[in-house]
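Enquirer: For reference, the sequence and a predicted model appear below.
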Amino acid sequence: MDSFSGTLRALFRFAVLFFLAGLFVGDSLRIEWLVREKARRRRRLCALNACYARVALRVMGLRLRVLHPERLAASSGTLIVANHLSYLDILALAVACPGVFVATADLLEIPIVGPVCRSGGALFVARKVGDRLVPEIEQMSVFLAEGWPLIVFPEACASDGEGVRGFKPAPFEAARRAGAEVLAVCLRYPEVHGRRTDRRTRDRVFWYGAMTFYDHFLRLLSIPDAVIEVEAVSRRNARGISRKTLAGTTRDEIASVYGAPFMREVAR
């Protein structure tokens with residue numbers, strides 16, 4: 001019975017989300033056509049993204065907890081960096097601290113997530129290394145200097161939740177050049193269906209490695225509910241600090257409050 005009810009729940013939620021995605025893309029296209037001024041258009045798209053993300057979380061049974069919301073205030077011209085566990089992170093941050101997501105062009109290949117991010121005004125950059133990143137860094141610094149809050153996942157890919165991986169320093173160089181603030185945000189998924197997340201249940205919400213999108217998405221939609229926590233950890237101005245120091249310090253601060261809940265499981 002539980003399996004059957006879970007399947008029905010997943011199918012119903014999928015149908016509702018598919019309908020919402022159609023409305024979202026339609027609304028975003030209307031904004032693209034009707035709002036000619038680029039900055040105003042992107043602001044409208046970010047606001048639209050936040051609105052639909054809030055509804056989508058509710059449809060999926062995901063409850064959002066925001067810790068230290070006062071630290072999220074005045075995020076204009078701020079580089080917002082967070083650890084990365086799932087595509088759900090995008091929805092959570094879109095609601096908790098609306099801004100422009102910075103993503104690699106590879107994201108466009110992911111069903112549903114890619115098109116929605118594009119319609120939501122995301123800034124897409126190529127996956128590059130070394131000196132070839134200079135144009136992307138400059139583009140990000142211009143956005144920050146113009147007052148846009150930029151949201152980045154410096155781990156570059158989602159993890160299995162065992163800890164926080166090292167942060168790529170490139171996004172922090174953009175904050176340095178713009179003299180912007182860096183806001184460190186920690187994402188956690190502490191509960192799945194009323195129980196503390198452990199190694200047996202984490203794959204219902206975490207998306208990493210070789211997992212395929214649709215298989216994971218349907219498993220996610222079958223669970224009754226889960227909790228996402230967004231905790232604002234620290235805020236500092238990037239001016240005068242090396243990008244490697246910024247990356248390392250920010251990563252360590254997020255890791256110190258992350259503390260994977262299943263790392264403290266009682267041995268059986």
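Expert: Sure, I can see it.

Enquirer: top helix in this structure by residue count?
Expert: helix 2-34 (DSSP state H).

Enquirer: same for that helix, what does it pack against?
Expert: helix 38-59, helix 113-119, helix 213-222 (3 or more CB pairs under 8 Å, 6 or more residues apart in numbering; DSSP states H and E). Quick note: C-beta positions are derived from backbone N, CA and C, even for glycine.

Enquirer: Could you say which one of the ones you listed comes nearest to residue 70?
Expert: Closest of the helices and strands packed on helix 2-34 to residue 70 is helix 38-59, at 18.5 Å (criterion: CB to CB).

Enquirer: which strands and helices sit next to the closest one?
Expert: helix 2-34, helix 88-96, helix 113-119.

Enquirer: partner strands of the helix or strand following the second one, parallel or antiparallel?
Expert: On the C-terminal side of helix 88-96, the closest following helix or strand by DSSP states H and E is strand 100-104. According to DSSP bridges, strand 100-104 forms sheet pairs with strand 123-125 (parallel), strand 150-152 (parallel).

Enquirer: from the helices and strands packed on helix 2-34, which stretch is densest packed?
Expert: With neighbours taken as mean count of other CB atoms under 10 Å, the helices and strands packed on helix 2-34 reach their highest mean count in helix 113-119, at a mean of 20.

Enquirer: quick one: the residue nearest the centre of the chain from residue 158, how far?
Expert: The centre of the chain sits closest to residue 90, judged by CA atoms, centre = their mean, with a distance of 2.9 Å. Distance, residue 90 to residue 158, by CB to CB, to the nearest Å: 11 Å.

Enquirer: Please apply the same query to residue 12.
Expert: For residue 12, the distance to residue 158 (CB to CB) stands at 26 Å.

Enquirer: More neighbours: which of those two?
Expert: Neighbour totals were compared for residue 12 and residue 158, and residue 158 leads with 20 against 12 (other CB atoms under 10 Å).

Enquirer: how would you label the more buried one: helix, strand or coil?
Expert: Per DSSP: H, G, I helix; E, B strand; the rest coil, the local secondary structure of residue 158 is coil.

Enquirer: residues touching it, list them.
Expert: By CB atoms under 8 Å, 6 or more residues apart in numbering, the contact set of residue 158 is 84-87, 89, 206-208.

Enquirer: and with 6 Å instead?
Expert: By CB atoms under 6 Å, 6 or more residues apart in numbering, the contact set of residue 158 is 84-86, 207-208.

Enquirer: hang on, the earlier thing: how about CSV for the strands paired with strand 100-104, with distance to residue 137, mean pLDDT and mean neighbour count added?
Expert: Shown next, in CSV, are the strands paired with strand 100-104 (distance: least, CB to CB, whole Å; pLDDT from 0 to 100; neighbours: other CB atoms under 10 Å):
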stretch, distance to residue 137, mean pLDDT, mean neighbour count
strand 123-125, 9, 78, 18
strand 150-152, 12, 93, 26
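
Enquirer: Take those strands and write them to CSV, including distance to residue 199.
Expert: Below are these laid out as CSV (distance: least, CB to CB, whole Å):
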stretch, distance to residue 199
strand 123-125, 34
strand 150-152, 28
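
Enquirer: Out of those, which is closest to residue 247?
Expert: Closest among those, using CB to CB: strand 150-152, at 10.8 Å.

Enquirer: Give the next helix or strand downstream of that closest one.
Expert: helix 170-178.
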